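**Student:** Give me a model of this one.
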Amino acid sequence: MASQEVVDFIRGRKVPDTLLKKLKTTCLALHAVLNDAEEKEFTNLQIKEWLDELKDAVYDAEDLLDEIAAEALQCQLEAKSKVRNCITCTFTCSEQKLKSKIEEVLVRLDDLAKQMDLIGLREGVGLGGNPLPRIRLPTTSLVKETRIIGRDDVKEPIVNLLLSNDAKGNEHLCVIPIAGMGGIGKTTLAQLIYNDQRITEHFSIRFWVCVSEEFDVVRITKSILEAVTSQKCDTTDFNMIQTRLKKGLMGKKFLLVLDDVWNENYGDWELLKNPFKYGTLGKGFLQQVDENKEMEEIGNEYFLDLVSRSLLQRSNGKKFHFVMHALVHDLAKFVSGRFNFRLEGDYKNNIINKTRHFSYLRSQYDTRKKFEALYKAKHLRTFLPLQLHKANVDLYLTKKVPQDLLLTLRYLRVLSLSHYTNMIELPERIGDLQHLRYLDVSCTKIERSPYSICRLCNLQTLNLSECKFLVMLPSDMQKLINLRHLNITGTSIQKMPIHMGRLQCLRTLTKFIVEKDLGFQIGELGELSNLWGAIVISKLQNVINPTNALSAKLKAKRHLDELTLEWDADYNISLSERDILNNLQPHTNLKKLVINNYKGTSFPNWIGDHSFSNITVVHLNYCRNCPSLPSLGKLPSLQDLSIVGFDEVVKVGPEFYGSSSSNITPFRSLEILKFERMLKWEEWFPCEGGVFPRLQEFYLWYCPKLSGSLPKHLPSLTKFHVHECSQLQTSLPTAPAMRELTLKNCNDVFLKELPPTLQTLRMGGFNNLGVSVRGSDRLQPFPTTPKVLGIYKCRELQFPLYQCYSSLKRLFINDSCSSLISIPLDIFPKLDYLQIKSCCNMESLLVSEGHQPIDLVWLEIEDCLNLVAFPSGGLLAPNLTRLKVDNCPRLNSLPQNMHTHLPSLELLEIINCPQIESFPEGGLPSNLINISIGDCKKLISTRMEWGLQRLQCLKTLLFGNVNLDCWDVESFPEEDLLPTSLRILAIVGFRKLRSLDNKGLQHLTSLQQLFIVGCPGLKHMPEDGLPCSISYLEIEDCPSLTKLFQRKKGKEWRNIAHIPTIKIDDQVII
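**Tutor:** The predicted structure follows:
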């Protein structure tokens, strides 16, 4: 359990060796029965309880040893700094107390050891023994294809790969893994591929071997030999079997399928691969992995093992998110017992002294009540807030947690306070948490890290990412000798602490800021030989000379995946710029390269060299002095290329694609290409022959002088954006897969021939259109085929109302089509989203008499100053869920029959429509959940006629008069105005409001949040106080109330002190 350093430290405290030996013997005895106990705990409650007691005792012992180790390490550091030596180091407890603590642990462990026989635990049995092997039926290559459906989309790419040039040659073996959870059809897919006629004709030899869990290299090799020779092999001599197989494969093209593979022993695979060196595909079966693995690598292997066995599964649409099946979750909860606690719902869930790991889902306001039970868990190791989805609101945490609770949890190893808006500082005593390994305060507003952090000698991970107000790190960061991961991405730090190179354990350093002074130079990076992941190296203008750049030793950092090199935008040009960049060459394992504000006039040869075969992303930004682009076409894996701000580039030609002597297609893997702000760029000379065969997204932004040609044929292009390229008059590339086209302030020649596959079209700055679809001779004044159409700042554009837009589902019209007076909704039979903004002459929406229900789900109308009316008779839209009307000053009524025609309406927002006097006859739809009414004086004055109390689904209500000073309401809300279902009430801009009505509020038993904003005359709360259900109160721009409710000092503070979260102006009290 303890290192030799800890043992020596304990002995130095005069703890008897006999005590240490007895502790070791007891631990070994307990360890011997663990396998048996872990197997029996599922069926024997007594053993489960014994195992929990053992875990608790071992946790306590580990805490004690960890504390001693931290003290020993602190002594060593201080001895090295010559402040004092280890002999004079004062341990936090006396020698007698240390001995007493060890004896206490020993007594607990010894007592548990005595119980082993009584509860039937035995050494050497259980999970560590030899369980009966499972019988797994072997698979074969035969399959009945008539019963297999739905696999062609997966099968075809693999077949094509096997038949392609990528799988040919005599240098490399093509290995294609098919992975996934059991039962999803991996074997069936392999059978379909194996029996495909194209495969049988392409490979002279095919063989199928079922491996299963028992990986017997002799048996497998023998099976392969029998498949190759079609003869029985009787020998068991491994050498003879491999020799025969070698002769059988010599010079032949073969396909080998190994089904049901579980083995990861590289020695076994090395033996198996030898005969395959002599076939057509022969080399590089599997590579041996370095045995000196980092702990992160080992942890990643454990994680991937869980994924491969489907205990964890990748979340849909989220690259780095994984989920577990409910059954796996239940198993994990059972095994972890009460040591692991996740707070869900009720705050009174039972946390006990044994609890070591605590997690919870963040809410917008995490109040002190949520964490009260944690004071019981004195030995807590993990405090971890979780978040399933990105929050769109500010998050707040009670100050009790950082200022009080955490300082009582002295055994914490994992602590996260990330994403809390009101987290502006860490307590200075954070340095007392000597066990801490992981500290995450990312996405908070902290301005500095306390110097006591440098006392956390066990700290391994410090995450400060996106702390935008953080300007500096503590100067003694070099003392964190165990620090492995430091993330300062997105901070405002301008200078690194001195001697960062002394942090020899550092694996992740997301940013390094170069200075000229000793201890801050780029050579500090040269001392960090094991950096992983991504790093940004900024202020490179401070690199003294090319030799100084070489001292960073970037070429030796083989584990760096992403490298950003950046200079300040306003520095003076150096004559040695190119040589400095040349000496910053990274290792060829790099996957992403970003260069910002490089002032040289040319790039070194390593940029674009084909040896960088792993690079997938290159972004070159504001290299303003380079008259030509680097040769990037030969990068075989490049998928994402962005070129921004090359002010001196006039022409792009053959140098961009690379050597023309090669038969390799330039940019053969590129999927995303972006050119932006190329102010002098005039001509692009496309490469002869095929180029960009896989390009999917193409962006041309702000290239005002570009004219001439674009690449003619882009077979994979799906998305094309052109902005501010007014001189470009070429037609669209031939793109049979095009789905999305965005054109803003460029020549309308692009619209002359639209691809028939187009689904989304956005255009801005056009006044006249003549549109045709590629393959059709008919010229249309407007496109009718897209499903999504956006029109922006096309004021003179005529919107044809005699066409039927049968495919259109979403329509956006913004500051366009000045001649548009009305919009007949009948011409959009499938439209579900309509947004109209700033159409100054539009007066109405129309529908034909007796029209069929329309499919609209979302309708927004904003800044249409002449809009007068909705269709007479109402808007029959049974699926409409959101209706927003904003700043339509001439509109005098809402759609008629809303209560019957709009049964699905959930959100209604009416802002600045002063002529509307009332809601339509029949009232509002009963399913409304959210209503916002603002700056509608006439409408609000009839509020007692709205029938709000009948809306039992209503949860949120906002009354606002931001722009009106003349509204004379003095008491609000009136009795019986609001429904009891209401949870959120906002009162905004009632300038003459004097009081809140007691009877109007007290029946709101579901009210949770109350907002009072811009009510300067309000001086009193209701006589009986606010409803006790309120958990959040916000008061802003109400000076009288601010004074009355001053925390602990105001006259009426006691009347709101019970509310968990209060925000008064900018101060949050939680």
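
**Student:** Low-confidence ranges, the stretch 101-250 of the chain, go.
**Tutor:** The stretch 101-250 of the chain contains residues with pLDDT under 70 at 125-141, 143-153, 164-174, 179-184, 212-215.

**Student:** could you pull out the helices for it?
**Tutor:** Per DSSP state H, counting those that start in this stretch, the stretch 101-250 of the chain carries helices over the ranges 152-163, 186-194, 197-202, 217-229, 238-249.

**Student:** of these, which approaches Leu509 most closely?
**Tutor:** Distance to Leu509, taken as C-beta to C-beta, is lowest for helix 152-163 among the helices of the stretch 101-250 of the chain, at 38.1 Å. C-beta coordinates here come from the backbone N, C-alpha and C atoms, glycine included.

**Student:** before we move on, back to that, I'd like the helices of the stretch 101-250 of the chain laid out as a markdown table, including distance to Leu306.
**Tutor:** Formatted as a markdown table, the helices of the stretch 101-250 of the chain follow (distance: least, C-beta to C-beta, whole Å):
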| stretch | distance to Leu306 |
| --- | --- |
| helix 152-163 | 24 |
| helix 186-194 | 18 |
| helix 197-202 | 33 |
| helix 217-229 | 27 |
| helix 238-249 | 34 |
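
**Student:** List just the one of those helices that sits closest to Leu462.
**Tutor:** It's helix 186-194; of those, that one is closest to Leu462 (C-beta to C-beta) at 41.7 Å.

**Student:** Looking at the helices of the stretch 101-250 of the chain, spot the one closest to Leu996.
**Tutor:** Closest to Leu996 of the helices of the stretch 101-250 of the chain, according to C-beta to C-beta: helix 152-163, at 62.2 Å.

**Student:** so what pLDDT did the closest residue to His1003 other than its chain neighbours get?
**Tutor:** Closest residue in space to His1003, ignoring its immediate chain neighbours: Thr980 at 6.0 Å, by C-beta to C-beta, 6 or more residues apart in numbering. Looking at Thr980, its pLDDT is 94.

**Student:** what does Tyr571 give?
**Tutor:** For Tyr571, pLDDT reads 83.

**Student:** Phi first, then psi, for it.
**Tutor:** When quoted as degrees, to the nearest 10, the phi and psi of Tyr571 stand at phi -90, psi 160.

**Student:** same deal with the one 10 residues further on?
**Tutor:** Phi and psi for Leu581, reported as degrees, to the nearest 10, are phi -60, psi -40.

**Student:** mind listing the helices for the stretch 901-1050 of the chain?
**Tutor:** Under DSSP H, counting those that start in this stretch, the stretch 901-1050 of the chain gives helices at 937-941, 998-1002, 1039-1044.

**Student:** now what about the longest one, what contacts it?
**Tutor:** Read it as helix 1039-1044. Helix 1039-1044 is contacted by residues 1012, 1015-1019, 1035, 1050-1053, 1064-1065 when judged by C-beta atoms under 8 Å, 6 or more residues apart in numbering.

**Student:** Give me the sheet partners of the following helix or strand past that helix and which way each runs.
**Tutor:** Moving toward the C-terminus from helix 1039-1044, the next helix or strand (DSSP states H and E) is strand 1061-1064. Neighbouring strands of strand 1061-1064 in its sheet, by DSSP bridges, are strand 1032-1036 (parallel), strand 1067-1069 (antiparallel).

**Student:** Those: lowest mean pLDDT?
**Tutor:** The bottom spot among the strands paired with strand 1061-1064, by mean pLDDT, belongs to strand 1067-1069, with a mean of 87.

**Student:** that older thread, tell me the buried residues within the contacts of helix 1039-1044.
**Tutor:** Ile1012, Cys1015, Leu1018, Lys1019, Ile1035, Gly1050, Glu1052, Ile1064 (16 or more other C-beta atoms under 10 Å).
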